[in-house]
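> Just need the structure, nothing else, for what follows:
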Amino acid sequence: MMNQLKGKVILVTTIITAIVLFGGWAIYEQFVVKAPLEQAIMKVDGIIKADKPVRDQKTMSIQVELSPTANLKEVYTAISEQGKRMIGNRTLQLDVNNQEYERLDQVWEKSMFQIAEAMETRTYSTIPNVLEQLASDEIEVYTEMDDSNVYITLKDQNTALHKILPRVAEKLGVWTNV
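Okay, here's the model as predicted:
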């Protein structure tokens with residue numbers, strides 16, 4: 001009888017400890033890491049909407065919707081700077097939700113091979129020329145680069161297609177057409 005009581009006490013104590021530890025970690029994650037980062041993100045000029053950040057061991061992923069006038073590099077840099085404490089040594093992965101715009105998507109799809117080649121061979125200066133040759137007169141092309149990414153924006157009247165391409169070769173496989 002006494003052994004059964006000890007076993008039940010140990011089991012209940014273990015369950016309560018697990019709940020407190022995991023609950024405390026979840027509360028910390030939400031209120032100390034994600035909430036301040038979400039607030040910082042929404043203050044960045046050009047962001048229309050942002051989903052909750054998703055954090056793992058190596059990356060901090062954030063899905064955002066940008067206005068057509070947003071400067072992609074400035075948005076990325078602002079989030080990196082304002083979220084530096086919360087992101088830590090993780091890589092910021094900004095996933096831009098792009099609407100489907102046939103003309104912009106066509107330019108992007110036609111240029112993907114040449115852009116992938118330029119990224120692989122590190123001849124980044126060819127990217128603006130490739131895009132401008134394939135774009136019509138109504139489509140504006142904006143490209144920028146920093147030490148970790150190439151930022152591409154194609155604009156067509158009131159719409160924009162934003163792409164962030166990592167300058168690390170092994171990450172090239174994660175590009176999508178959307």
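
> need the strands for this structure, in chain order.
47-50, 54-55, 59-66, 91-96, 139-145, 149-156, 159-166 (DSSP state E).

> In terms of mean pLDDT, which of those strands ranks lowest?
Mean pLDDT is lowest for strand 54-55 out of the strands of the chain, coming in at a mean of 82.

> That strand: partners in the sheet, and parallel or antiparallel?
Strands adjacent to strand 54-55 in the sheet, as given by DSSP bridges, are strand 59-66 (antiparallel).

> Tell me what angle the strand it pairs with forms with strand 159-166.
Counting by axes from the mean of the first three to the mean of the last three CA atoms, to 10 degrees, strand 59-66 lies at 160 degrees to strand 159-166.

> P53: neighbour count?
Using other CB atoms under 10 Å, the number of residues around P53 comes to 23. Any C-beta I mention is one placed from the backbone N, CA and C, and that applies to glycine too.

> Wait, it touches E38, no?
Yes: taking contacts as CB atoms under 8 Å, P53 lies within contact range of E38: 6.8 Å.

> Can you pull the domain assignment for the chain?
The record's domain parsing of the chain by automatic domain parsing lists 2-95, 100-174.

> residue boundaries of the helices in the protein?
According to DSSP state H, the chain carries its helices in the segments 2-28, 35-42, 72-82, 84-87, 102-121, 126-134.

> elements contacting the last one?
Here helix 126-134 is seen to pack against helix 102-121, strand 139-145, strand 149-156 when contacts are counted using 3 or more CB pairs under 8 Å, 6 or more residues apart in numbering; DSSP states H and E.
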